[in-house]
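*Asks:* Got a predicted structure here, sequence first:
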Amino acid sequence: MAEPKENLQMEKIVSLCKRRGFVFQSSEIYGGLNGFWDYGPLGAELKRNVKELWWHAMTRQRDDVAGLEATIIMSPQIWKASGHVDTFSDPMCDCLLTKKRFRADQIEPQSGIVYHYPGARSSFTNELKQSLDNQLDAAVVFRIHDPKDREADRKAAEKSLSDLRKENDLSSWLKLQEAIVTLGSEYNVRELVETISNFCVKHGKSSNFSFAVLLAAGKPPESARKLAKEFYSQRGILEPELGEERIEKIGLDHPLATRFNPENGSLLSEPRPFNLMFKTYVGPVESEDGIAYLRPETAQAIFAQFKNVLETSRQKVPFGIAQVGKAFRNEVTPRNFTFRSREFEQMELEFFIKPDEVIEAIHGSVATLETPDPKPKTPEPQPNWGWQAWHQYWVEERVRFYEGLGLSRDTLGFHRQTPAELAHYARACTDILFKFPFSKKDEQGNVAGDELEGIAARSDFDLSQHQRFSGKPMGVFDEELRAAWAKLPKEKQDDLWKRYYDNRKNYLTKSAKPDETAEQISKQSTDDANGLARGQYIPHVIEPSAGVDRLILALIANAYSEVTETDDKGKSETRVTMKFHPRVAPFKAGIFPLLKNKPDLVAKAQAVRDLLRPWMNVFYDEGGSIGKRYARQDEAGTPFCVTIDFDTLGEKPELLDTVTIRHRDDGRQERLKISELLAFLLLKIR
Ligand code: GAP
């Protein structure tokens, strides 16, 4: 029973987003464009705040991360190397009846009775019936009138016959034509009817395309037959006669359980891969040479620019490169408002670390963190951390970031990808989930949530791929490694060499081009492992990759709160308050003069606005009662409202130059000196 309530919650959120200018449908005046969304005045501010906070936390507040802002369109070679051209696809299938498109992997298993049909044929097509009637009319006319006088009827008969001839088997129709136009007295109408109907049954159209319908147990089979007839009609079989029906009962674990349209029970087409990249052409000629793609992730630019950033930022591994920007995916089924869009923004960090063999060579062993679960406090990074410790560190850092934006731990969830779910090059991936109103409940009523961000341990796959495809070295030189290696006992060297060799060989074998031989792979792996002694290696990567739009949606869903109040006359009113954390709130403060027709109040209020404006986004409002102004700011999520009244002007001398601050979430009010206002607000919003 929870489902409708959850949908209602989403409906309210979508409606508020439009009403208050958080999110609009893209191209709305032209009917919208599926999977594309625009951010209105409040949404634009919210988004800007979120991106700023991420950038701040990930780059400016750290010594070990540098920023990048790359182009959206890049060399198509990048997408060859990354694997996106060949493998960035979703399995797609279509409803055979309505043509509606589905992501095959998102269809929930269904049980019930499957009605199979091997095909159908036209029982007697309308066209043929019409023609037959014409023949008969003509024949009767010929029988009762002198043929010489009925030249027009003869012509009509000949014409309809020749029309039929065009559609069907020529020789049969020629015989028929002969029979009809030879107008002897022995001419027999009944014989003619029989001949024509036999012909129609034999030559009427048919389809051997098998079709099936899934019905919930207990539903009448007639509804399956109706759908099947509709299906064959759409394939040109007029008035279809269904082939022999076969019935099969299936459970949720049956291979067919995910092969039917959940909305109407029709069979779906076989799943086929659908590449999600938007294609375009660079330059004036639309040729193969000019093909380019809108980036489906921001990450690849970071890998492609790894060497440039390394050299110009004077960073050393471990360090990261951060980027925020647009990404485009031609999603098969965009859904859940902005959650799965076709144009969206990502905030990605590629954090480059030393391979475990290098850590072991330098530090003697690889440190791991004690517990696999994210802990409330992240430890300080240590030089002997291996990939597992770094991975856990970043999961925890990211959770702390979300907490700092007002998403408490109990609104979040985690999904550790199973080995079967992991990409072949990934060693681990932890998704941070948010419990959206549309997130599904399990049988116990628990909500796991949907992905907000993925933190993947991507090994050295990305840099290795770009090294191979571009021919440019992507490895780094590490003097500490070179010096440490020289001091290692031979046994240790051999052990580390072998492990590094095996990892490289494993990667090279899995990503080998068709013309690469086992000898070449073995030689390359040997060269790579020999590099350790010279202090060379290809860095590994931990990638926290977050979606801006999903985070905005999570913040909106989290902030949405309703209160219904009933007045003395029994009239009830529901008021919405968006309880955004002050850090992300679009406006930090509303500034109100008590009355708009008192120039002194207005001047003072504008002075307060001008005092705060260089530091934060504030909203000046002098229209309507104070109560109405509060309500408007509550809906916008403004955490503080500042009222300038007569006391501010010194009506009570002890309150001169003080203002009232009203707190959004509990309606509490306090009096503050204007001189203390900026510091007060800055403390709350930073
Ligand atoms: N570079 C890794 C990468 O792109 P991903 O899991 O495909 O990984 C990362 O995407 C994040 O981008 C997701 O966790 C999600 O927040 C966001 N994202 C992905 N596809 C999206 C879509 N169609 N609409 C909105 N956000 C999306």
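*Replies:* Received it, and whenever you're ready, just let me know what you need. Numbers count the residues shown, from 1 in each chain.
*Asks:* what does this structure have sitting close to the ligand?
*Replies:* 297, 299, 329, 331, 340-341, 344, 346, 348, 451-454, 543, 545-547, 549-550 (C-beta under 6 Å from any ligand atom). C-beta coordinates here come from the backbone N, C-alpha and C atoms, glycine included.
*Asks:* So for stretch 278-293, mean pLDDT?
*Replies:* Stretch 278-293 shows a mean pLDDT of 94.
*Asks:* What are the contacting residues of that stretch?
*Replies:* 73-76, 79, 84-85, 277, 294, 328-330, 342 (C-beta atoms under 8 Å, 6 or more residues apart in numbering).
*Asks:* which of the residues you listed count as buried?
*Replies:* Among the contacts of stretch 278-293, those scoring as buried are 74, 76, 79, 84-85, 277, 294, 328-330, 342 (criterion: 16 or more other C-beta atoms under 10 Å).
*Asks:* Now intersect these with the strands, please.
*Replies:* Among the buried ones among the contacts of stretch 278-293, the members falling in strands (DSSP state E) are Phe328.
*Asks:* Got a quick ChimeraX command for the buried subset of the residues of the chain next to the ligand?
*Replies:* Selecting the buried subset of the residues of the chain next to the ligand in ChimeraX, with 16+ other C-beta under 10 Å as the burial test, is done by:
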select :297,299,329,331,340,341,344,346,348,452,453,454,543,545,546,547,549,550
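*Asks:* from the residues of the chain next to the ligand, which ones fall inside helices?
*Replies:* Using DSSP state H, 299, 549-550 are the members of the residues of the chain next to the ligand that sit in helices.
*Asks:* Save those as CSV, and put in distance to Phe640 and pLDDT too.
*Replies:* What follows is these, written out as CSV (distance: C-beta to C-beta, whole Å; pLDDT from 0 to 100):
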residue, distance to Phe640, pLDDT
Ala299, 38, 98
Asp549, 27, 98
Arg550, 28, 98
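*Asks:* Pro586 against Asn617, yeah?
*Replies:* Yes - counting by C-beta atoms under 8 Å, Pro586 touches Asn617, with 6.7 Å between them.
*Asks:* anything in contact with each of those two?
*Replies:* Both Pro586 and Asn617 are contacted by Glu45, under the criterion C-beta under 8 Å, 6+ apart.
*Asks:* Would you mind telling me which of these two has more residues around it?
*Replies:* Set Pro586 next to Asn617 and count neighbours by other C-beta atoms under 10 Å: Pro586 wins out with 24 against 16.
*Asks:* Identify the spatial nearest neighbour of that one, chain neighbours not counted.
*Replies:* In this structure, Pro586 finds its nearest non-sequential neighbour in Glu45, 3.6 Å apart by C-beta to C-beta, 6 or more residues apart in numbering.
*Asks:* so who does the one you found touch?
*Replies:* Listed by C-beta under 8 Å, 6+ apart, the contact set of Glu45 reads 586-587, 617.
*Asks:* Find the closest residue to the ligand in this protein.
*Replies:* Closest residue of the chain to the ligand, C-beta to the nearest ligand atom: Gly547 (2.3 Å).
*Asks:* That residue contacts Gln346, correct?
*Replies:* Yes - counting by C-beta under 8 Å, Gln346 is a contact partner of Gly547 at 5.9 Å.
*Asks:* re the thing from before, distance check, the residue of the chain closest to the ligand against Ser341.
*Replies:* According to C-beta to C-beta, to the nearest Å, Gly547 stands 9 Å off from Ser341.
*Asks:* does Phe587 count as helix, strand or coil?
*Replies:* Using DSSP: H, G, I helix; E, B strand; the rest coil, the structure places Phe587 in coil.
*Asks:* again with the one 5 residues further on
*Replies:* Reducing the assignment to helix, strand or coil with three-state DSSP, the entry for Phe592 is strand.
*Asks:* Just give the closest residue to it, not the sequence neighbours.
*Replies:* In space, and not counting its chain neighbours, Phe592 is closest to Thr643: 4.9 Å by C-beta to C-beta, 6+ apart.
*Asks:* Check Arg272 too.
*Replies:* Take Arg272 and drop its neighbours on the chain: the residue closest to it by C-beta to C-beta, 6+ apart is Met92, 6.1 Å away.
*Asks:* That neighbour belongs to a strand, doesn't it?
*Replies:* Yes - secondary structure of Met92 (three-state DSSP): part of a strand.
*Asks:* can you pull the contacts of it?
*Replies:* Residues near Met92 by C-beta under 8 Å, 6+ apart: 101-104, 271-274, 332.
*Asks:* Could you list which of the residues you listed belong to strands?
*Replies:* In strands, judged by DSSP E, the following of the contacts of Met92 are found: 101-103, 272-274.
*Asks:* Longest helix of this structure, counting residues only.
*Replies:* Longest helix in the chain, counting residues (DSSP H): helix 490-510.
*Asks:* What are the buried residues along stretch 443-452?
*Replies:* For stretch 443-452, the neighbour count (16+ other C-beta under 10 Å) marks 447, 449-450, 452 as buried.
*Asks:* all strands for the stretch 1-150 of the chain, in order.
*Replies:* For the stretch 1-150 of the chain, applying DSSP state E, counting those that start in this stretch gives strands covering 23-25, 37-39, 65-67, 89-94, 101-103, 112-117, 120-122.
*Asks:* Now render the ones you listed as TSV, adding mean pLDDT.
*Replies:* Listed next are those as TSV, based on pLDDT from 0 to 100:
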stretch	mean pLDDT
strand 23-25	98
strand 37-39	98
strand 65-67	98
strand 89-94	91
strand 101-103	91
strand 112-117	97
strand 120-122	84
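*Asks:* closest one to Lys604 among the ones you listed?
*Replies:* Ranking the strands of the stretch 1-150 of the chain by distance to Lys604, with C-beta to C-beta as the measure, places strand 37-39 first at 33.5 Å.
*Asks:* Tell me where this structure is predicted with low confidence.
*Replies:* Along the chain, the model assigns pLDDT under 70 to residues 1-6, 124-204, 370-377.
*Asks:* For Gly637, list the residues it contacts.
*Replies:* 42, 46, 559, 577-580, 585-587, 664.
*Asks:* picking that back up, now do the longest helix of the chain: which elements does it pack against?
*Replies:* Packing partners of helix 490-510 (3 or more C-beta pairs under 8 Å, 6 or more residues apart in numbering; DSSP states H and E): helix 356-363, helix 518-530.
*Asks:* so of these, which one's packed in deepest?
*Replies:* Looking across the helices and strands packed on helix 490-510 with neighbours counted as mean count of other C-beta atoms under 10 Å, the highest average goes to helix 356-363: a mean of 22.
*Asks:* Please name the nearest non-neighbouring residue to Ser675.
*Replies:* Excluding the flanking residues, the one nearest Ser675 by C-beta to C-beta, 6+ apart is Asp657, at 7.2 Å.
*Asks:* Now do the same contact list for that neighbour.
*Replies:* Applying C-beta under 8 Å, 6+ apart, we find Asp657 in contact with 648, 650, 673-675.
*Asks:* which two in the residues you listed are spaced the farthest apart?
*Replies:* Spanning the widest gap among the contacts of Asp657 are Gly650 and Ser675, at 14.8 Å by C-beta to C-beta.
*Asks:* of the two, who's got more company?
*Replies:* A side-by-side neighbour count of Gly650 and Ser675, using other C-beta under 10 Å, places Gly650 first with 13 against 10.
*Asks:* need the contact list for the nearest residue to Tyr501 once chain neighbours are set aside.
*Replies:* Computed as C-beta to C-beta, 6+ apart, the closest residue to Tyr501 that is not its neighbour in sequence is Ala529, at 3.9 Å. Neighbouring residues of Ala529 by C-beta under 8 Å, 6+ apart: 497-498, 500-501, 504.
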